[in-house]
Each structure stands twice: as C-alpha cells, then as structure tokens.
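just coords:
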C-alpha cells in the first residue's frame, strides 16, 4: 500500500511540475507558464521543419526550460529543441550545449547539433570548438568541417519560417 502511495505521489508531483509525462519522453519544464508552447512543440506542428518554431517564437524566456528538457537523452524531438536553442541565441544555453557536445556517450548527431547551436549563439566560440573535433564521430566531424568552411546554411533558418 505504501509503495502505491509513493508512486501516485511521485506521478502527481511530476504532472504538477510539468517535468515529464508518463511515457518519459515529453519533457515539459517550466510548469503552466510554458504549457501552451510545449503543447505546440509536441503536438500542434504538422510539418517537420517547423517543429522548433513554437520554442523559437517563445524566445529567451523559454531558454532555461528547453535546457532542462534537452539534458534528457530520451526527449522526444530533442534535436529540434537543441536547434531551437541556437536560433534563440541566448548565451545561457551554452553550458547545456557544451555538456551535450562534450559527452562521448551522446549520439554524434546530438553532439553535432549542440556544436551547431553553439556556433549560432557565438560564432567565435563555435569555431574554437570546431577545431576540437576534426576527427570526431561522423556527424560532429562533419559539422566541425562545415563551421571551418563558414558554410552559411549553418546559421540560416529553414525556408519554411
């Protein structure tokens, strides 16, 4: 009986704080203030290139909530949330992005996305980090090489925006 009570209490706390849904993949930090934005991000956007639009449109007020969400490796649409941090351009996201980029247990595409977002936020810092990964995992290495070549697509929004 006590185990059931603890499980129910934990579920209620999670739902009240907006940390995660029961499936553990739809993280929604920030509570009610960001509920509409998270709903739009997870469910209201029908076209893939526009998935990050609700987060980007919310702007820097959403930075900390997005950072709290992307640290979870099982986050649904995580790549889009990492990319949104770069388009928002808030320097407060850099520490979270660095953690993802430097974590060798992360998939290379998350690490590359984090590097690209750092580059969007701070071109000089992103360029320095690109120098670190000339022989890194495939996607991270590719993003590093493209940063070194200053390819413009790295900082341009998708055409759908």
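Cool, the structure landed. As the structure is a computational prediction, the values presented were derived from the model and not from experiment.

what does residue 33 show for phi and psi?
Backbone torsions for residue 33, taken as degrees, to the nearest 10, come to phi -60, psi -30.

what's the burial count for it?
12 (other Cβ atoms under 10 Å). For every residue, glycine as well, the C-beta is placed using N, CA and C.

check contacts around the residue sitting nearest the centre point of the chain.
In the chain, the residue lying closest to the centroid (Cα atoms, centre = their mean) is residue 82, at 2.4 Å. With contact taken as Cβ atoms under 8 Å, 6 or more residues apart in numbering, residue 82 is in contact with 70, 97, 100, 110, 113-114, 117.

and the pLDDT for residue 10?
As predicted, residue 10 sits at a pLDDT of 37.

distance check, residue 104 against residue 58.
According to Cβ to Cβ, to the nearest Å, residue 104 and residue 58 sit 31 Å apart.

looking at these two, which is more packed in?
Of the pair residue 104 and residue 58, residue 58 is the one with more neighbours under other Cβ under 10 Å, namely 22 against 8.

which residue, other than its chain neighbours, is closest to that one?
Counting by Cβ to Cβ, 6 or more residues apart in numbering, residue 58 lies nearest to residue 37, which is 4.7 Å off, once chain neighbours are set aside.

touching, that neighbour and residue 62? I think so.
Yes. Using Cβ atoms under 8 Å, residue 37 is in contact with residue 62, at 6.3 Å.

and the nearest residue in space to residue 85 that is not next to it in sequence, what does it touch?
Using Cβ to Cβ, 6+ apart and skipping residues adjacent in sequence, the residue nearest residue 85 is residue 93, 4.1 Å away. Applying Cβ under 8 Å, 6+ apart to residue 93 gives the contacts 63, 66-67, 85-86, 117, 121.

perfect, I'm done here.
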